[in-house]
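Trainee: Kindly generate the corresponding structure for this input.
(chains A, B and C)
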Amino acid sequence: MTRFVRGYNTSVTETVPAYSPLPVAFYLEPTLLAARNLLGAFVVRRFADGETAVGRIVETEAYTVGDPACHAFRGKTQANAAMWGRPGTAYIHINYGLHFCLNAVTAMDGVPEAVLIRAIEPVTNAARLLRNYTGQTEATEAEALSDKRIGAGPGRLSRAFAISKPVFNGYDLTDAGGDLFLAAGEPVAEEAVTTTTRIGITKGADFPWRFYVSASRWVSRR
DNA sequence: TAGACGATAGCCT
DNA sequence: GGCTATCGTCTAA
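Mentor: Model (predicted):
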């Protein structure tokens, strides 16, 4: 049985708190607050071969009801239906026809709001993330830890974590037994967070609904 | 069923 | 910093 151990060394076997999933209640906080509070939380991924990798969230964006940039703004379709799902599930969308982007659904069942996870910094098994990203079979932890392709940007992190829409759209992100879940981390202090406008959108472009850890080298854009 | 449009990323200057 | 490949999805007809 795989045990998720917190820390930089995956070989640690002593009793360290296992990664504990953020509860459904976390996603029922107002979406802007949830987006800000997801900073510092962990993305925990177990791959099909049993190997695991963990990243720390350093950049998010909020999308809400009434927000013209939100995919739900024009109503429910087959592609965006997951946004209406239970809080704490995943909504994966495809951008520019080729990039997968991971969102955590927030707000009550039937209220289509979500937080886009835009960047992570590697915590464990960066080498595996880089191998996933490049398709190469070789990668050292040291070289992976300085390669921004594995975490800086929503399309990039999805590729590194092997998160695709067919597999993970609608997936439960609150289940520690699952292949993908979000776990509580060290809270990030207010003065360490930068709040700014969202990236790559034309509607609602002036809403300051993007949050990132100011000091992180893994933020996708400043 | 054709046409328009991106919540991007990579390459080039 | 600018340019653009590339294709899933929506919309109109």
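Trainee: Going by C-alpha atoms from here, please, whenever you check contacts or count neighbours.
Mentor: Will do.
Trainee: so what's the closest residue to DNA strand C within chain A scoring on pLDDT?
Mentor: Minimum separation of chain A from DNA strand C (Cα to the nearest atom of the strand) falls at residue A:97, amounting to 3.1 Å. If you check residue A:97, the pLDDT there is 91.
Trainee: give me the number of residues near it?
Mentor: Neighbour count for residue A:97, taken as other Cα atoms under 10 Å: 7.
Trainee: And the one 3 residues further on, by the same measure?
Mentor: Summarising burial for residue A:100: neighbours were counted as other Cα under 10 Å, giving 21.
Trainee: on that earlier part again, and the residue of chain A closest to DNA strand C, how close does it get to residue A:81?
Mentor: As defined by Cα to Cα, to the nearest Å, residue A:97 lies at a distance of 18 Å from residue A:81.
Trainee: Check residue A:37 too.
Mentor: In this view, residue A:37 and residue A:81 are 25 Å apart by Cα to Cα.
Trainee: between these two, which one's more packed in?
Mentor: residue A:37 (21 against 17).
Trainee: near DNA strand B, which residues of chain A?
Mentor: Within reach of DNA strand B by Cα under 7 Å from any atom of the strand, chain A has these residues: A:63, A:69-72, A:95-97, A:99, A:101, A:103, A:114-116, A:149, A:152-157, A:199-202, A:220.
Trainee: now what about stretch A:193-200, what contacts it?
Mentor: With Cα atoms under 8 Å, 6 or more residues apart in numbering as the test, stretch A:193-200 has contacts from A:61, A:205, A:206, A:207, A:208, A:209, A:210, A:211, A:212, A:213, A:214.
Trainee: Is it possible to mark the buried ones in those?
Mentor: A:61, A:209, A:210, A:211, A:212, A:213, A:214 (16 or more other Cα atoms under 10 Å).
Trainee: With that, I have no additional questions.
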